[in-house]
Every structure is written in C-alpha cells, then in structure tokens.
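Student: here are the coordinates; sequence isn't available:
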C-alpha cells in the first residue's frame, strides 16, 4: 500500500497505546487494515463509504478513519497531499471518541487544535521534500 | 520535529499484523471482500440502503451490517444475498505454509486444507 503513509513514530505510539488498552487488539488491527486497504484500492472513491471514512466538516482536505468495535470508537484524522504528482493520505493522530453521541456532533475540535501545528509543518515538509522508507 | 513518513504496510507490521491468528485474519479479509463487493454494487447502481434492502428482501439494518466489514453472516445468508445479485461465490481452499498453526491434526497422517480466498464473480445482470 503506497497511497497511505503516516507520521512516525508519534502515530504508531498513540495507536499501540489504544490497542493495548482495548482488549480487542487483533480485531482492531484488522479493522484498521480494512480501512487502509479501502483507501489504497479505491483512492478518492473510498470517501463514499462514510461508516469507514468521513470528511471533516469545515476542514479542507481533512478526513478521518472510523473504527467502531463494541465499546471502542476510534478516530484517525488524516490529510491528503499531492507530492510529485502522487496523492498521499497522511495519518496524523489517533484518538478515542467518548461515545457515539459525541461522534455524531463531529467533536474533533480539540484534536484538530492539537494536530494543526503538525499539518502546517507537513505542508512545509511536502513543499521542500520528504523522507520515506 | 523531524518528520518521517512510513507506508501503511510498515505500520501494520510494527503493530503486529503478522502475528494475528489465522482464523481472525481470514475472517476480516473475507469480510472486507464481501462488504466491499456489496457496498460497491449498491453505490454503482445508485441505490440507498433501503432500496437495496428491498431488492434483497431484507431490512435496511441488514444492509448496514453487510457493509460493516465485521458482520458474522451465515453461509446460507450470504448465498441468499449473492443469488439475488446474480453473483456466484467461489471458495478456494489451500493449505497454509505454517504447519505450527495446525494443532488438531497430525500433519504426518493428514493433508490439511485451510480456507483462504473467496472469489466473487458477477454474472452480469444489472439491477
């Protein structure tokens, strides 16, 4: 999968912490993999599947992976960039929605405030070149 | 902060996707294929979940479950749905390489097949 990338090591550390506390680590990893696969295989058409991927209201080119499993409600905000004519979905962070009701109200405000400096830096990084594996 | 971007395969490897038991691994891989096929079919034919449910002879929440990617549908039910979509599922069975995963058979006495891939073939009749 080359379409999707993430900021390391921040993202992995945050996701591992949630996975360890979930009691459903293996299931959640596979659900995460399903969404990555959808993004990779369907590219922009993946956004037609809002139960898995949602567009964040009021945020340009900003989306979120949704993983809902029993009591877990995981959100993974990401942004889209074009670099050397190739699109990239860059996963920025991961957090838990407290409950389904709050998720419906798009309560991303506090999380977006936390990752906004990262987005601004990434825009600069993409404009001057990135390091990838 | 110095950013380093890694691809999603590397992320999954670091999370331990290769250590997931094959029964869970297979369930989600098959669920992905089935749910994505059903979702794509509905969207390509410009149907709402309710319209699609009517076509399948089920309730709308069942369509939502089918598209969820983690619904444990019965074999008979999925055959019923695919028949309505004029689609045939082919199950391909092949032994896995890792013999350590098989603990209920004596491999020296039995050749053990393991379910692995579902192929979905659309038979060409549109909604």
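Tutor: That came through, no problem. The structure presented is a predicted model; accordingly, all values stated were derived computationally and were not measured. Residues are numbered from 1 along each chain as shown, chains lettered A, B, ... in the order given.

Student: What helix or strand is the residue of chain A found nearest chain B located in?
Tutor: Sorted by distance to chain B under CB to the nearest CB, the residues of chain A start with residue A:30, at 3.6 Å. Yep, even glycine has a C-beta here, placed from its N, CA and C like the rest. Residue A:30 is located in helix A:25-42, with elements delineated by DSSP states H and E.

Student: Contacts for that helix, please.
Tutor: For helix A:25-42, the external contacting residues (CB atoms under 8 Å, 6 or more residues apart in numbering or on different chains) are A:1-4, A:15, A:18-19, A:22, A:46, A:48-49, A:52-53, A:65-67, A:69, A:72, A:74, A:76, A:89, B:8, B:12, B:15-17, B:20-21, B:24-25, B:27-29, B:31-32, B:36, B:69-70.

Student: Show the contacting residues for residue 14.
Tutor: Unless you meant another one, I'm taking chain A. Residue A:14 makes contact with A:93, A:94, A:95, according to CB under 8 Å, 6+ apart.

Student: right idea, wrong chain: chain B
Tutor: By CB under 8 Å, 6+ apart, the contact list for residue B:14 reads residue A:12.

Student: Over to the one 3 residues further on?
Tutor: By CB under 8 Å, 6+ apart, the contact list for residue B:17 reads A:29, A:30, A:33.

Student: Out of the contacts of helix A:25-42, which sit inside strands?
Tutor: The strands, defined by DSSP state E, take in A:4, A:53, A:65, A:66, A:67, A:69, A:72, A:74, A:76, A:89 from the contacts of helix A:25-42.

Student: re the thing from before, buried ones only from the contacts of helix A:25-42, please, as a PyMOL command.
Tutor: Filtering those down to the buried ones (16 or more other CB atoms under 10 Å in any protein chain shown) takes a single PyMOL command:
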select buried, (chain A and resi 1+3+4+15+18+19+22+46+49+52+53+65+66+67+72+74+76+89) or (chain B and resi 8+12+15+17+20+25+28+29+31+32+36+69+70)
